[in-house]
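In: Structure for the following, please:
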Amino acid sequence: MGNLALKDMSIEEKIATMETLWDDLCEHHHIGSPSWHGDVLQQRDANRQQGNEEPLNWEEAKQMMLEQTYHLSNTVIPAKAGIHENSAKC
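Out: Numbers count the residues shown, from 1 in each chain. Model (predicted):
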């Protein structure tokens, strides 16, 4: 892997690098969730059941994350921007 400094990487390069790292971790290591994840999931499920939250499908969630990422970086979202197809498979 090259010595490209993080500060010199574009948002797209950073996201692609994170996805590559995550894919490698999923393939070669068992990664357990911290115990507090269960508490958060239970609270979210309770909120959903009470009608306080609506679930998003994966495509909507990816689009929302992409928009938030580009908003935070003050960058215009490219027309064909998207999140890696195989991401979040752990």
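In: Next, give phi and psi for Cys26.
Out: Backbone torsions of Cys26, given as degrees, to the nearest 10, read phi -70, psi -40.
In: Count the neighbours of it for me.
Out: 15 (other CB atoms under 10 Å). Bear in mind the C-beta positions are built from the backbone N, C-alpha and C, glycine included.
In: same for the helix or strand of the chain with the lowest mean pLDDT, what does it pack against?
Out: The helix or strand of the chain with the poorest confidence is helix 58-73; it has a mean of 82 (mean pLDDT, DSSP states H and E). With contacts defined as 3 or more CB pairs under 8 Å, 6 or more residues apart in numbering; DSSP states H and E, helix 58-73 has these neighbours: helix 11-28.
In: what is the orientation angle of the helix it packs on with helix 58-73?
Out: 130 degrees (axes from the mean of the first three to the mean of the last three CA atoms, to 10 degrees).
In: Buried ones in helix 11-28, by neighbour count?
Out: By 16 or more other CB atoms under 10 Å, the buried positions in helix 11-28 come out as Ile11, Ile15, Glu19, Trp22, Asp23.
In: by contact count, what packs against that helix?
Out: Counting by 3+ CB pairs under 8 Å, 6+ apart, helix 11-28 packs on helix 58-73.
In: Go through the helix it packs on and flag the buried ones.
Out: Lys62, Gln63, Leu66, Thr69.
In: Make JSON lines from the residues you listed and add distance to His37 to it.
Out: Below are the buried residues of helix 58-73 laid out as JSON lines (distance: CB to CB, whole Å):
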{"residue": "Lys62", "distance to His37": "20"}
{"residue": "Gln63", "distance to His37": "24"}
{"residue": "Leu66", "distance to His37": "23"}
{"residue": "Thr69", "distance to His37": "22"}
